[in-house]
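> only geometry, no sequence info:
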């Protein structure tokens with residue numbers, strides 16, 4: 001059986017990605033108990049040194065302790081749809097959900113891996129998976145009144161400023177945004193942006209999982225926790241779309 005994400009890795013038009021997903025899995029079903037269920041996974045091994053995972057877990061810990069409300073991590077987008085053994089990496093890194101205004105931010109977190117154009121294509125696939133699950137909500141384990149009912153969805157890549165120099169990124173972003181404008185979903189708007197952390201946030205304030213837990217999994221907001229919170233509050237668009245909405 002095909003995976004939902006088969007043959008979508010190099011596509012930049014969200015309409016094409018959705019059509020490919022429909023062809024891969026024309027009769028959707030999932031062996032997962034819940035899709036697009038917002039949760040916080042905070043455990044990290046003391047010896048872990050992967051920068052993206054450390055930063056993601058730091059956000060989850062801070063959110064779990066009330067310091068970064070609305071943030072969640074490892075949101076399952078397509079678990080068990082099609083060949084589940086090939087959908088292991090189908091969780092979007094971070095989601096910020098504002099229930100009051102129905103705004104969901106799906107965030108692909110990057111620090112040193114992949115290229116900016118690859119990151120854009122990756123977050124587009126998550127956006128397409130969102131549309132696919134929303135379209136087939138009656139047949140999939142998605143909960144009504146949750147993030148799947150967002151009125152506005154922002155697809156975002158978040159990375160340090162130094163991550164973005166890439167000659168192909170502006171054209172890739174322009175093509176992807178044009179595709180979003182052509183592809184409409186009733187009751188929802190979707191946008192795409194690449195965001196950079198503030199200039200002062202170029203190094204993580206911890207070097208392993210033990211330091212992440214020590215500085216972020218606390219009831220009181222530490223100086224390190226404050227840096228993480230302020231870095232996410234200071235995210236700014238690298239190539240803003242004329243007339244586009246703010247994050």
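All right, it came through fine. All of these numbers come straight from a predicted model, not from anything done at the bench.

> Please make it C-alpha for all contacts and neighbour counts, starting now.
Noted.

> give me every residue that touches the residue lying closest to residue 61 once chain neighbours are set aside.
Spatial nearest neighbour of residue 61, chain neighbours left out: residue 217 (5.0 Å); criterion: Cα to Cα, 6 or more residues apart in numbering. Contact partners of residue 217, counting by Cα atoms under 8 Å, 6 or more residues apart in numbering, are 58, 61, 62, 65.

> the helices in this protein, which residues?
14-24, 51-64, 116-135, 169-182, 209-216, 223-233 (DSSP state H).

> Next, format the ones you listed as JSON lines and append mean pLDDT and distance to residue 195.
Listed next are the helices of the chain as JSON lines, based on pLDDT from 0 to 100; distance: least, Cα to Cα, whole Å:
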{"stretch": "helix 14-24", "mean pLDDT": "96", "distance to residue 195": "20"}
{"stretch": "helix 51-64", "mean pLDDT": "97", "distance to residue 195": "15"}
{"stretch": "helix 116-135", "mean pLDDT": "95", "distance to residue 195": "11"}
{"stretch": "helix 169-182", "mean pLDDT": "95", "distance to residue 195": "12"}
{"stretch": "helix 209-216", "mean pLDDT": "98", "distance to residue 195": "23"}
{"stretch": "helix 223-233", "mean pLDDT": "98", "distance to residue 195": "10"}
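
> who touches the residue at minimal distance from the centre of the chain in this structure?
Residue closest to the mean C-alpha point of the chain, counted by Cα atoms, centre = their mean, is residue 107 at 2.8 Å. Contacts for residue 107 were tallied using Cα under 8 Å, 6+ apart; they are 92, 93, 94, 95, 96, 123, 155, 156, 157, 158.

> If it is in a bridge, with which residues?
residue 94, residue 156 (DSSP bridges).

> Any figure for the gap between it and residue 124?
Distance of residue 107 to residue 124, given as Cα to Cα, to the nearest Å: 11 Å.

> Residues in contact with both of those two, list them for me.
What both residue 107 and residue 124 touch, as defined by Cα under 8 Å, 6+ apart, is the set residue 155.

> Out of the contacts of residue 107, which two sit at the greatest distance?
Greatest spacing in those, by Cα to Cα: 96 and 123 (14.3 Å).

> and the contacts of residue 217 as TSV, adding neighbour count and distance to residue 201?
As requested, these are exported to TSV (neighbours: other Cα atoms under 10 Å; distance: Cα to Cα, whole Å):
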residue	neighbour count	distance to residue 201
58	27	14
61	28	19
62	27	17
65	16	22
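
> what two of the residues you listed have the greatest distance between them?
Farthest apart among the contacts of residue 217 - using Cα to Cα - are 58 and 65, which lie 10.7 Å from each other.

> ok, back up a step: closest to residue 77 among the contacts of residue 107?
Nearest member of these to residue 77, counting by Cα to Cα, is residue 92, at 6.8 Å.

> List the residues that contact that closest one.
Residue 92 is in contact with 73, 74, 75, 76, 77, 106, 107, 108, 123, 126, counting by Cα under 8 Å, 6+ apart.
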